[in-house]
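[1] Structure for this input, please:
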Amino acid sequence: MSFAHPSYLWALLGLLVPIAIHLWSKKEAKTIKIGSVQLLSESKPKQSSSIQLNELWLLLLRMCIITLVVVLMAKPQWHAKISNSKVTYVVEPELVQNADFMSQFVEKGNNQEIRLLQKGLPLSEGEEQVTKLDAVQDYWALVSEMEGLPTDSIVVFTNGFASGLKGARPETKQNINWIVIDSALSKETPLLAYKRESELQLYTGWSSADETKVSSRKITLGEDFTLSSGGDSLVISKHKPVKKVPVIVQNPIEIAIFYADSLQQDKRYIEASLKALSIYLDREINVISKLDNEEISKNEADVVIWLSNRLQPEAAQKLLVLREDAMAQSIIVTAEEDAVFYLTKRITSENAVSKRLTEKLLDVLEVNSELQKLLIHVDKRLVAASEIQTNYVAAKSKEKQLASFNVNPYLWVVLLVLSLVERFVAYKRKQ
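    Residues are numbered from 1 along each chain as shown. The predicted model follows:
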């Protein structure tokens with residue numbers, strides 16, 4: 001047995017309190033002088049011994065109650081030795097649905113421990129247990145859960161999706177062998193449709209083991225494509241099974257540039273970059289230019305660009321502010337405030353090209369952000385087994401696997417019973 005908070009055990013010194021009270025009550029009785037003892041009845045020796053016995057029971061019960069309260073605060077854990085399995089197999093949920101792949105475990109016998117590569121590492125109960133997951137699992141985050149498995153070795157069968165590798169490569173004391181199963185499937189998935197006036201543009205994500213890309217095409221409503229009753233979804237009948245994707249209305253991007261007279265040249269470079277973006281995105285971008293002494297209305301534009309040395313305004317929209325910084329590596333950087341960006345250099349013909357001004361402005365606009373979020377779910381690029389392997393750190397001494405059992409619920413029951421018995425004994429003592 002071990003304790004989560006062993007320092008609380010010092011409170012067991014409180015056992016001295018009921019002992020001190022018991023000894024104090026045993027002091028010599030007070031003498032009362034009376035005229036005659038003729039009318040007083042003689043006390044029975046049996047009743048006197050019963051009272052003394054009740055006193056001892058009360059002392060014992062109260063000491064037990066104090067001990068239980070202190071132990072409960074220390075949170076005890078009961079440990080028992082468990083036998084490790086030789087090998088544990090952890091399988092990605094998608095692979096469990098592949099009967100040909102799972103047949104190899106049937107050949108090895110039914111006593112194999114197979115777990116699913118998802119949060120909690122649940123035991124696999126067959127294909128019917130697997131539900132559709134919206135996103136790829138974070139492989140390296142699951143390594144910490146594998147550390148607690150009672151096994152000598154772990155073999156992980158995974159699709160090895162590149163989007164499942166997040167953060168730094170972890171270190172583990174478990175011997176984990178990652179095996180990447182290449183499904184070799186190229187999948188094309190409709191993502192969403194953008195509506196511009198009376199025109200619909202369907203965006204489709206295509207992913208294979210090597211790359212993920214997006215294609216778009218204009219579509220016409222008919223037998224293959226129909227709008228839902230609310231007009232917020234596009235139903236693709238030719239896709240088997242029938243696919244429904246969201247329809248998002250794309251309005252022109254409104255940009256307001258506030259500038260000082262001395263920064264008119266910088267304004268022209270930004271206007272030229274925005275015009276190039278409009279052609280590249282095939283989307284209308286409206287630019288309004290004003291002097292920096294004019295007020296900014298709440299619904300001025302989607303993005304406000306402030307080219308002035310005057311104090312930057314407070315705006316509800318995205319804000320790109322000129323704040324020169326000779327140490328900055330990029331021409332546009334993200335500020336600590338939400339939806340605020342800094343233009344770190346005066347714009348020239350040289351740095352507009354070398355610092356990729358147009359590309360940086362595209363990041364500020366965050367065009368097609370809904371599309372980028374959906375594309376993550378269809379990214380099926382794979383990595384090699386060597387890239388997904390964790391760093392194995394051998395332990396100096398082999399640690400015994402112990403199973404922990406929480407005994408607190410049972411102790412609470414014992415405490416309740418002892419409290420009831422103590423009240424009953426105290427009541428009998430008074431009679």
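[2] In the stretch 151-300 of the chain, where is pLDDT below threshold?
    Scanning the stretch 151-300 of the chain for pLDDT under 70 picks out 183-186, 298.
[3] And the helices in it?
    264-281 (DSSP state H, counting those that start in this stretch).
[4] any idea which helix or strand carries T88?
    With secondary structure defined by DSSP states H and E, T88 is part of strand 85-91.
[5] helices or strands next to that strand in the packing?
    For strand 85-91, the elements it packs on are strand 113-116, strand 151-158, judged by 3 or more C-beta pairs under 8 Å, 6 or more residues apart in numbering; DSSP states H and E. Any C-beta I mention is one placed from the backbone N, CA and C, and that applies to glycine too.
[6] Kindly compare burial across these and name the winner.
    The highest mean neighbour count among the helices and strands packed on strand 85-91, using mean count of other C-beta atoms under 10 Å, belongs to strand 151-158: a mean of 20.
[7] Pull out the buried residues from the strand holding T88.
    Using 16 or more other C-beta atoms under 10 Å as the test for burial, strand 85-91 gives S85, T88, Y89, V90, V91.
[8] same deal with stretch 272-286?
    Residues S273, L274, L277, S278, R283, I285 are the ones in stretch 272-286 that count as buried (16+ other C-beta under 10 Å).
[9] Quick check, the fifth one in contact with E254.
    Pointing back at R283 there. No - between R283 and E254 no contact is recorded; they are 11.9 Å apart, counting by C-beta atoms under 8 Å.
[10] about what we covered before: reformat the helices and strands packed on strand 85-91 as TSV; add distance to R169.
    Converted to TSV, those look like this (distance: least, C-beta to C-beta, whole Å):
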stretch	distance to R169
strand 113-116	22
strand 151-158	14
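[11] next helix or strand past the strand holding T88?
    Downstream of strand 85-91, the first helix or strand assigned by DSSP H and E is helix 93-96.
[12] From the contact counts, what lies against that following helix?
    Under the contact rule (3+ C-beta pairs under 8 Å, 6+ apart), helix 93-96 is packed against helix 99-108.
[13] So which elements touch the helix it packs on?
    Other helices and strands packing on helix 99-108, by 3+ C-beta pairs under 8 Å, 6+ apart, are helix 93-96.
[14] In PDB, could you pull the C-alpha coordinates for the helix it packs on?
    Taking Å, rounded to 0.1, in the frame of the first residue of the first chain, the C-alpha atoms of helix 93-96 are listed here in PDB:
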ATOM      1  CA  PRO A  93      -9.300   2.100 -36.200                       C
ATOM      2  CA  GLU A  94      -9.400   2.200 -40.000                       C
ATOM      3  CA  LEU A  95      -7.300  -0.900 -40.300                       C
ATOM      4  CA  VAL A  96      -9.700  -2.900 -38.000                       C
END
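[15] residues touching L319, list them.
    Counting by C-beta atoms under 8 Å, 6 or more residues apart in numbering, L319 makes contact with V303, V304, W306, Q312, P313, A339, V340, F341.
[16] From W306, how far off is the closest residue to the fourth one other than its chain neighbours?
    So the one you mean is Q312. Leaving aside its chain neighbours, Q312 sits nearest to V321 (4.6 Å; criterion: C-beta to C-beta, 6 or more residues apart in numbering). Distance from V321 to W306, counting by C-beta to C-beta, to the nearest Å: 5 Å.
[17] Now the common contact residues for the two.
    In contact with both V321 and W306: Q312, using C-beta under 8 Å, 6+ apart.
[18] Mind checking which of the two has more residues around it?
    More crowded of V321 and W306, by other C-beta atoms under 10 Å: W306, with 24 against 20.
[19] got a list of contacts for the host helix or strand of that one?
    Here W306, judged by DSSP H and E, is contained in strand 303-307. Applying C-beta under 8 Å, 6+ apart, the contact partners of strand 303-307 are 253-260, 263, 266-267, 270, 292, 296, 312-313, 315, 317-322, 343, 364-365.
[20] same deal with stretch 8-21?
    Residues from elsewhere that reach stretch 8-21, judged by C-beta under 8 Å, 6+ apart: F3, L59, R62, M63, I66, T67, V70, V71, M73, A74.
[21] Just flag the most distant two among those.
    For the contacts of stretch 8-21, with distances taken as C-beta to C-beta, the pair at the greatest spread is F3 and L59 (25.8 Å).
[22] Let me know the secondary structure of C64.
    Taken by DSSP: H, G, I helix; E, B strand; the rest coil, the conformation at C64 corresponds to helix.
[23] To what extent is the nearest residue to it once chain neighbours are set aside buried, counted in neighbours?
    Take C64 and drop its neighbours on the chain: the residue closest to it by C-beta to C-beta, 6+ apart is L418, 5.5 Å away. A count of neighbours around L418, defined by other C-beta under 10 Å, yields 17.
[24] Wait, L418 touches L68, no?
    Yes - counting by C-beta under 8 Å, L418 touches L68, with 6.9 Å between them.
[25] Tell me the spacing between the residue nearest to R169 when sequence neighbours are not counted and M146.
    Residue nearest to R169 in three dimensions, not counting chain neighbours: N391, with 5.9 Å by C-beta to C-beta, 6+ apart. Computed as C-beta to C-beta, the N391 to M146 distance reads 13 Å.
[26] which one of those two has more residues nearby?
    When N391 and M146 are compared for neighbours, M146 comes out ahead with 20 against 11, by other C-beta under 10 Å.
[27] can you pull the contacts of that one?
    V90, L121, I154, V156, T172, Q174, I176.
[28] isn't the fifth one right up against A394?
    No - with contact defined as C-beta under 8 Å, T172 does not reach A394; the gap is 10.5 Å.
[29] neighbour count winner among these two?
    Between T172 and A394, T172 has the larger neighbour count (other C-beta under 10 Å), namely 16 against 7.
[30] give me the number of residues near the residue nearest to that one when sequence neighbours are not counted?
    Nearest non-adjacent residue to T172, counting by C-beta to C-beta, 6+ apart: T390, 5.0 Å away. T390 sits with 20 neighbouring residues when counted by other C-beta under 10 Å.
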